[in-house]
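S.K.: Task: produce atomic coordinates for the following.
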Amino acid sequence: MAEPGLFDVAGKVACVTGASGGLGRRAATVLAQVGAQVVGVARRAEALEDWRNAAGGRTAAVARDVGDRAGLPDLVRDICTPFGAPDIVIHAAGINTREAADDVTEAGWDVTLQLNLGTPFFLSRKLVPAMKDKGWGRIVNFASLQSSRAFPGGIAYGASKGGIAQLTRAMAEAWSPHGITANALGPGFFRTELTAPVFDDPDRAARSAAATCIGRNGEVEDLDGPLLFLCSRASDYVTGQILMVDGGSTAK
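M.R.: Got it, this is the predicted structure:
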């Protein structure tokens, strides 16, 4: 029988990047609703305040560009100010420019790789010492179908998400001896701002649904259980893994 509170994160401090929209907003909302103290981070201050008003619970907003490596010390200070250093860090911020390989610029490549891959590492590394002191921590990255598959117009994004899969394993190797697990969620097609081009095309959306074993695209609520599993002591012996939440797309 499962122990009471196995998935409990009440009282934990969580930082969620990309909290102003999409799956990041959903993750921040769910954690707040189950009792975590949540710091949402994103560039859009107004959207962050809208999230806070809707989420309820104990929340704080930090309006900063997480892709700005030079601003990382100030970002970490602001994250830790409301409730203390995070126990849980969710890296949901991301960008997908959907450009053909021949159209990718050096500047665009650098922005994509920094935000999608560099930030999860460098921000985590700044927050890990406090987790080490507690002997407990959770890092949850966001992988993708493109962590293992090539999609048209996805060369920079795919490179970053392939890197996330390996980064997650390397984080686990480096930090799990200190009680810090590192895992990744790999969403399939969910209706978010990032995937709007897919859902704006009914035929394309239908094809992506047909590519799953379940026969439908994802709803944001489908993320809740896997997220809470990876954030709680239910996953104490799980680290370095990519949990695909894709309706079976990668199994088909």
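
S.K.: Against which helices or strands is whichever strand or helix holds residue 133 packed?
M.R.: Using DSSP states H and E, residue 133 sits within helix 119-134. Judged by 3 or more C-beta pairs under 8 Å, 6 or more residues apart in numbering; DSSP states H and E, helix 119-134 is in contact with strand 13-17, helix 72-80, strand 88-91, strand 137-142, helix 155-175, strand 180-187. Using the backbone N, CA and C atoms, a C-beta is placed for each residue, glycine as well.

S.K.: List just the one of these that sits closest to residue 127.
M.R.: Residue 127 sits nearest to strand 88-91 of all these, at 5.7 Å, using C-beta to C-beta.

S.K.: List the strands paired with the closest one, with their directions.
M.R.: Each strand pairing with strand 88-91, determined using DSSP bridges, is listed with its direction: strand 13-17 (parallel), strand 137-142 (parallel).

S.K.: Can you say which of those is packed in most?
M.R.: Scoring those by mean neighbour count under mean count of other C-beta atoms under 10 Å gives strand 13-17 as the most buried, with a mean of 28.

S.K.: what about the helix or strand that it is followed by, distance to the chain center?
M.R.: Per DSSP H and E, strand 13-17 leads on to helix 22-33 as the next helix or strand towards the C-terminus. Using C-alpha atoms, centre = their mean, to the nearest Å, the distance from the centre of helix 22-33 to the centre of the chain it belongs to is 10 Å.

S.K.: and what of stretch 213-228?
M.R.: Between the centre of stretch 213-228 and the centre of its chain there are 14 Å (C-alpha atoms, centre = their mean).

S.K.: Quick one: end-to-end distance for it.
M.R.: In terms of C-alpha to C-alpha, to the nearest Å, the two terminal residues of stretch 213-228 are separated by 23 Å.

S.K.: Please point out which parts of it sit buried.
M.R.: Neighbour counts over stretch 213-228 (16 or more other C-beta atoms under 10 Å) mark 217-218, 220, 222-224, 226-228 as buried.

S.K.: what's the neighbour count on residue 201?
M.R.: The number of residues packed near residue 201 is 12, by other C-beta atoms under 10 Å.

S.K.: Could you check how far it is from residue 187?
M.R.: 19 Å (C-beta to C-beta, to the nearest Å).

S.K.: now the one helix or strand in the chain whose mean pLDDT sits lowest: how far from the chain's centre is it?
M.R.: The element with the least model confidence among the helices and strands of the chain, by mean pLDDT, DSSP states H and E, is helix 196-199, at a mean of 81. For helix 196-199, the gap between its own C-alpha mean and the chain's C-alpha mean amounts to 20 Å (C-alpha atoms, centre = their mean).

S.K.: ditto for stretch 73-87
M.R.: The gap between where stretch 73-87 is centred and where its chain is centred comes out at 18 Å by C-alpha atoms, centre = their mean.

S.K.: now do the same end-to-end measure for that stretch.
M.R.: Criterion C-alpha to C-alpha; first-to-last residue distance in stretch 73-87 is 18 Å.

S.K.: got a list of what the residue nearest the centre of the chain touches?
M.R.: With distances taken as C-alpha atoms, centre = their mean, the chain has residue 92 as the residue nearest its mean C-alpha position (2.8 Å). Residues touching residue 92, when contacts are defined by C-beta atoms under 8 Å, 6 or more residues apart in numbering, comprise 16-19, 22-24, 27, 142.
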